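> sequence plus predicted model, see below.
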Amino acid sequence: AQSVTQLGSHVSVSEGALVLLRCNYSSSVPPYLFWYVQYPNQGLQLLLKYTSAATLVKGINGFEAEFKKSETSFHLTKPSAHMSDAAEYFCAVRLFGQNFVFGPGTRLSVLP
Amino acid sequence: ETGVTQSPTHLIKTRGQQVTLRCSSQSGHNTVSWYQQALGQGPQFIFQYYREEENGRGNFPPRFSGLQFPNYSSELNVNALELDDSALYLCASSPEGGPPHTEAFFGQGTRLTVV
């Protein structure tokens, strides 16, 4: 069965600092990978997705993620954090035709 | 193009009662999935409907059931509510026939509290 690990349930960074949110997946076949963001009291919004076209994926709001098959990772980064980035971030995997499997989430706090 | 809409936004029920949650999928999307998100956790897959038939189910008991209607809207029904059913219930829609990396579009969720 697929699983997703997100190291660090809570990450705090200063405004302007690098954001790094970790995601590792467990799958016997290369999955399709997604990052979603959830703001308080809201649903999930897609940040970016890996489509196998390129290992470095750029998403909305300045976020990007790099797919590393050898490390089974899909870490999310942003060069400079903004206060508005404070939210819950979920990594998810999906095999063709199947449902999404979400990680437990990482709560990002941005300190002034 | 309208997004995924869910109703109601908040709901309080008593243990043992039954509840129905509703979802309107995004225009043109005929696949609807439901997820349960407990506080502080990631969403967990409940089931998926495609063309009015359930075509996938997660590890949830039969008291969780659903329907999909010809207009692709959907309902999630939960019978004999338990305190642990308190969660945010998310509906997601996606189009048929898209590439494997097609994302799902989520509604804002229904916050269910069981007391």
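In hand now; what should we look at? Numbers count the residues shown, from 1 in each chain, chains lettered A, B, ... in the order given.
> is residue B:19 in a bridge, and if so with what?
Assessed by DSSP bridges, residue B:19 has beta-bridge partners residue B:78.
> contacts only, for it.
Residues counted as contacts of residue B:19 (CB atoms under 8 Å, 6 or more residues apart in numbering or on different chains) are B:11, B:13, B:77-78, B:81, B:112. Using the backbone N, CA and C atoms, a C-beta is placed for each residue, glycine as well.
> mind checking how far residue B:17 is from chain A?
Using CB to the nearest CB, to the nearest Å, residue B:17 is found at 24 Å from chain A.
> wait, is residue A:70 part of a helix?
Yes: under DSSP: H, G, I helix; E, B strand; the rest coil, residue A:70 sits within a helix.
> burial count for it?
Neighbour count of residue A:70, defined by other CB atoms under 10 Å in any protein chain shown: 5.
> and if you look at residue B:94?
20.
> distance of it from chain A?
Shown here: residue B:94 relative to chain A, a distance of 10 Å by CB to the nearest CB.
> who does residue B:68 bridge with?
residue B:74.
> pretty sure it sits against residue B:47.
No: counting by CB atoms under 8 Å, residue B:68 does not reach residue B:47; the two are 10.2 Å apart.
> who's in contact with the nearest residue to residue A:102 once chain neighbours are set aside?
Of all residues not flanking residue A:102 in the chain, residue B:42 sits nearest, at 3.6 Å (CB to CB, 6 or more residues apart in numbering or on different chains). Contacts for residue B:42 (CB under 8 Å, 6+ apart) come out as A:4, A:90, A:102-105.
> which single one of these is nearest to chain B?
residue A:102 (3.6 Å; CB to the nearest CB).
> contacting residues for residue A:4?
Counting by CB under 8 Å, 6+ apart, residue A:4 makes contact with A:23-26, A:91-93, A:101-103, B:42.
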